[in-house]
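Engineer: Quick check, what structure comes out for this input:
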Amino acid sequence: MARRSKQDMRAEFDRLYGIFETIVAFKKLNVPKEHLSSFDAVPSREDMLNWVETGKATLSDLLSGTTQAIQDFSCDLYEQDAFGDKKAQDFLELYSARHDGRSYFSDVGDPNKGAAKILRCGVIRNKTEWFLIKTIMDDVTHTSFTPSEQDQLSQMRTAFEQKGTAG
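Structural biologist: I've put the predicted structure just below:
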């Protein structure tokens, strides 16, 4: 795969952070008021970009972290107990309204499709892929994978963890 330019990475970060902002806005609308202060720790786009300028992070770090947060939320959408059908629908409608009618999953991708790509690859290559597989496999009652595929994913997860790169 060709290396991305800094401009491409910045554009991708801006796109992903826009998605992340919608997730945060939705969560703020759906938490009790006494928990709103927990969002004070969420760094702004400007704070994160300042980390790059000051050498505390790289654009690659920002992309990885923002992608991870989006994937975590995407996996939550698939767990019926996490939101419930009504809340999930509310989020999808909010997303569409804030993003010119686009679909959330067309913008970020279906986590099960991402997991299927990892399965076809046959190896978990990084922590983001590991976490996606872990989240999906931790609740196999909601997975679309066959028992054989679940076994393969479990073996891939174990192999990645044994390399000492997970967690």
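
Engineer: give me the number of residues near residue 128?
Structural biologist: Residue 128 is flanked by 16 other residues according to other CB atoms under 10 Å. Bear in mind the C-beta positions are built from the backbone N, C-alpha and C, glycine included.

Engineer: Now do the contacts for it.
Structural biologist: By CB atoms under 8 Å, 6 or more residues apart in numbering, the contact list for residue 128 reads 64, 67, 68, 71.

Engineer: Take those residues and keep only those in strands.
Structural biologist: Among the contacts of residue 128, DSSP state E puts none in strands.

Engineer: Now a PyMOL select for only the buried ones of those.
Structural biologist: A single PyMOL command selects the buried members of the contacts of residue 128 (16 or more other CB atoms under 10 Å):
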select buried, resi 67+71
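
Engineer: Lowest-confidence one in the contacts of residue 128?
Structural biologist: On pLDDT alone, residue 71 ranks lowest of the contacts of residue 128, at 84.

Engineer: Neighbours of residue 151, how many?
Structural biologist: 11.

Engineer: hmm, I was thinking of residue 91
Structural biologist: 22.

Engineer: Can you pull out the low-pLDDT segments for the protein?
Structural biologist: Low-confidence segments of the chain, defined by pLDDT under 70: 1-2, 78-85, 139-143, 165-167.

Engineer: And the strands in it?
Structural biologist: Using DSSP E, no strands are assigned anywhere in the chain.

Engineer: Of all residues in it, which one is nearest the centre?
Structural biologist: residue 71 (1.5 Å; CA atoms, centre = their mean).

Engineer: contacting residues around it?
Structural biologist: With CB under 8 Å, 6+ apart as the criterion, the residues that contact residue 71 are 108, 111, 114, 128, 131, 132, 135.

Engineer: Residues in contact with the longest helix anywhere in the chain: which ones?
Structural biologist: The longest helix of the chain (DSSP state H) is helix 6-29. The contact list for helix 6-29 (CB under 8 Å, 6+ apart) reads 4, 36, 39, 42, 45, 48-49, 59-60, 62-63, 66-67, 69-70, 73, 90-91, 94-95, 98-99, 104, 107-108.

Engineer: Just the buried ones from the residues you listed?
Structural biologist: Judged by 16+ other CB under 10 Å, buried ones among those: 48-49, 59, 62-63, 66-67, 69-70, 73, 91, 94-95, 104, 107-108.

Engineer: Lovely, talk soon.
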